[in-house]
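>>> Have a look; sequence and predicted model below, questions after that.
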Amino acid sequence: MTRPHGYARYKLDGCRCYTCGFAAAQYRDARDHAIRRGTWQPYVDAEPARAHVRELLACGIGTRTIAALAHLDRKQVYVLLHGRSDRGTPPPAQIRPATAAAILSVEPTWENLPGTTTVAAVGTVRRLQALTARGWPQSRLAARLDMTPGNFGALLAREHVTIATARRVRSLYDELWRTDPRDHRVANQAYSRALNQAKAKLWAPVGAWDDDTIDDPQAYPDWTGHCGTSSGYNAHFQNGVLPACQPCLDARSAHRAATKAVAA
């Protein structure tokens, strides 16, 4: 691979063109200023970056992807793990601070993980339930996901799904959550059937979830806008959202207990 003109080419390839010479002069000037200020740190411990690469590999993210996300040459990641076999040198004890920072910035996010990685299905299931509560028939949702109705029904009962499936459902949810199914040729009868199915199964609607709670297994839907507070129980009855959810029942019990304690 031919290096671009700059300090690395000046140092490693011996190029003495104007661009490489200027980059080398800038490097030396910055180094001298840092030395005078006492902030010169040419190398840092390589182990934190090496451990981070191993964690990313355990998540299924390969060295090629790690290097691309860190904007590094793949060889840098390989050498960090295995050293230089052509030179007979072990993995480095120290690396450049910029290299370490670039590697540590790579996280095993949904966007980076391989599609075959399995994750908890809770957010995926909640999104599909919420779309059903919006009036979308399951058959229409299954068709948009290129699934059979039988596979779609099985998906709603899963505890884990692949990242690829979770991404497809998230994309579908982002597309449909504000839409009226009847504007997309869903018949009134099918629309009502979906609403009744979701109501009978106590599936939370779109408005009960926030982006930061829908994937949280410990989170509860906020049916009324006051769920989990002392006023949430009454809000269920006022809005006709029955039965009251567990956080509201718990908050009501806690409020009553506190009132009795004060009276005593």
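Yep, that arrived. Residues are numbered from 1 along each chain as shown.

>>> Quick one, grab the pLDDT at E159.
As predicted, E159 sits at a pLDDT of 94.

>>> Could you verify my assumption that it touches T124?
No. Between E159 and T124 there is no contact under C-beta atoms under 8 Å: 10.5 Å. Where you see a C-beta, it was placed from the backbone N, CA and C, and this is true even at glycine.

>>> between the two, which one's more packed in?
T124 (25 against 9; other C-beta atoms under 10 Å).

>>> host element of that one?
Here T124 sits within helix 122-133, counting by DSSP states H and E.

>>> Name the next helix or strand downstream of that helix, please.
Downstream of helix 122-133 (by DSSP H and E), the next one is helix 138-144.

>>> Who are the packing partners of the following helix or strand past that next one?
Counting by DSSP H and E, the next helix or strand C-terminal to helix 138-144 is helix 149-155. The contact analysis (3 or more C-beta pairs under 8 Å, 6 or more residues apart in numbering; DSSP states H and E) places helix 149-155 against helix 122-133, helix 138-144.

>>> what's the most buried one of those helices?
helix 122-133 (a mean of 23; mean count of other C-beta atoms under 10 Å).

>>> That helix: how far from the chain's middle?
On the basis of C-alpha atoms, centre = their mean, to the nearest Å, helix 122-133 is displaced by 17 Å from the centre of the chain it belongs to.

>>> Tell me the helices and strands packed up against it.
Using 3+ C-beta pairs under 8 Å, 6+ apart, helix 122-133 is in contact with helix 138-144, helix 149-155, helix 163-176, helix 188-200.

>>> Which positions within the longest one qualify as buried?
Within helix 163-176, the residues that count as buried by 16 or more other C-beta atoms under 10 Å are 163, 165-170, 172-173, 176.

>>> Between the residues you listed, which sits nearest L56?
I163 (14.6 Å; C-beta to C-beta).

>>> Tell me which residues touch the closest residue in space to the closest one that isn't next to it in sequence, please.
Once flanking residues are discounted, I163 sits nearest to T117: 4.6 Å by C-beta to C-beta, 6 or more residues apart in numbering. T117 is in contact with 59-60, 162-163, counting by C-beta atoms under 8 Å, 6 or more residues apart in numbering.
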